[in-house]
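Enquirer: heads up, no residue letters with this:
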């Protein structure tokens with residue numbers, strides 16, 4: 001039995017126009033939302049990088065029982081962590097093994113020491129188009145020696161230097177990071 005179809009398949013012009021209009025309306029409603037969430041992405045990433053680096057510095061200072069320093073180079077927007085002392089490579093006494101840290105990617109063995117005398121162990125770059133607009137610290141003796149470096153020290157007792165770091169993107173949006181010197185926690189506040 002052969003059944004013959006009388007109607008042709010396809011869409012009418014009115015159906016296609018209706019789908020296009022509905023799609024444009026949905027796009028118009030959703031686009032400002034997505035543009036707003038993307039606006040502060042680089043600032044959030046920079047704040048997260050600084051926060052992670054300082055938490056890691058505090059934990060390493062306590063674990064190694066030596067002062068660790070977070071260094072922010074505001075010209076190259078590089079942030080790195082290290083100490084002026086070398087960590088022990090003995091594994092039998094519970095100390096950190098530098099070879100293990102190198103294999104895990106926590107030690108940058110190609111860079112060596114920085115101008116500030118800090119051995120770079122962890123090194124990151126803050127996102128492009130982010131600038132440091134303000135840096136305040138309870139002790140400014142390091143800033144007199146190193147003009148383009150901001151140094152934040154973390155001590156074996158878990159305390160650190162108090163600091164405020166303000167970052168700004170090219171649109172004028174900013175984030176203010178303030179460190180609690182006792183607990184090492186960073187409070188961030190977005191600014192317009």
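Expert: Structure received. Computed from a prediction, not measured in an experiment: that's the story for all the values here.
Enquirer: Residue 75 and residue 150 touch, don't they?
Expert: No. Counting by C-beta atoms under 8 Å, residue 150 is not a contact partner of residue 75; they are 10.9 Å apart. The C-beta positions use only the backbone N, C-alpha and C, and glycine is treated the same way.
Enquirer: Show me which of the two is the more surrounded one.
Expert: Taking neighbours as other C-beta atoms under 10 Å, residue 75 and residue 150 compare with residue 150 leading, 19 against 9.
Enquirer: For the more buried one, grab phi and psi.
Expert: phi -110, psi 120 (degrees, to the nearest 10).
Enquirer: For it, which residues count as its bridge partners?
Expert: For residue 150, the beta-bridge partners are residue 72 (DSSP bridges).
Enquirer: Confirm for me that it is in contact with residue 71.
Expert: Yes. Using C-beta under 8 Å, residue 150 makes contact with residue 71 at a distance of 7.1 Å.
Enquirer: looking at this protein, which helix or strand does the model trust least?
Expert: helix 98-104 (a mean of 53; mean pLDDT, DSSP states H and E).
Enquirer: C-terminal to that one, what's the next element?
Expert: Counting by DSSP states H and E, the next helix or strand C-terminal to helix 98-104 is strand 119-125.
Enquirer: in that next one, what's buried?
Expert: 119, 120, 121, 122, 123 (16 or more other C-beta atoms under 10 Å).
Enquirer: tell me which strands and helices the host helix or strand of residue 153 is in contact with?
Expert: Assigned by DSSP H and E, residue 153 belongs to strand 149-154. With contacts taken as 3 or more C-beta pairs under 8 Å, 6 or more residues apart in numbering; DSSP states H and E, strand 149-154 sits against helix 41-64, strand 68-73, strand 130-137, helix 141-145, strand 163-169.
Enquirer: related to what we said a few turns ago, now, which of the buried residues of strand 119-125 sits nearest residue 189?
Expert: Nearest to residue 189 among the buried residues of strand 119-125: residue 122, at 25.5 Å, using C-beta to C-beta.
Enquirer: how much space between the closest one and residue 59?
Expert: Distance, residue 122 to residue 59, by C-beta to C-beta, to the nearest Å: 12 Å.
Enquirer: for the closest residue to residue 50 other than its chain neighbours, what are its contacts?
Expert: Nearest in space to residue 50, with sequence neighbours left out and distances taken as C-beta to C-beta, 6 or more residues apart in numbering, is residue 177 at 5.9 Å. Contacts for residue 177 (C-beta atoms under 8 Å, 6 or more residues apart in numbering) come out as 47, 50, 51, 164, 165, 166, 167, 186, 187, 188.
Enquirer: quick revisit: single out the most deeply packed of the helices and strands packed on strand 149-154.
Expert: Of all the helices and strands packed on strand 149-154, strand 68-73 carries the top mean neighbour count, a mean of 24, counting by mean count of other C-beta atoms under 10 Å.
Enquirer: what comes into contact with that strand?
Expert: With C-beta under 8 Å, 6+ apart as the criterion, strand 68-73 contacts 50, 53-54, 57-58, 60-61, 78-84, 114, 116, 118, 132, 135, 148-154, 165.
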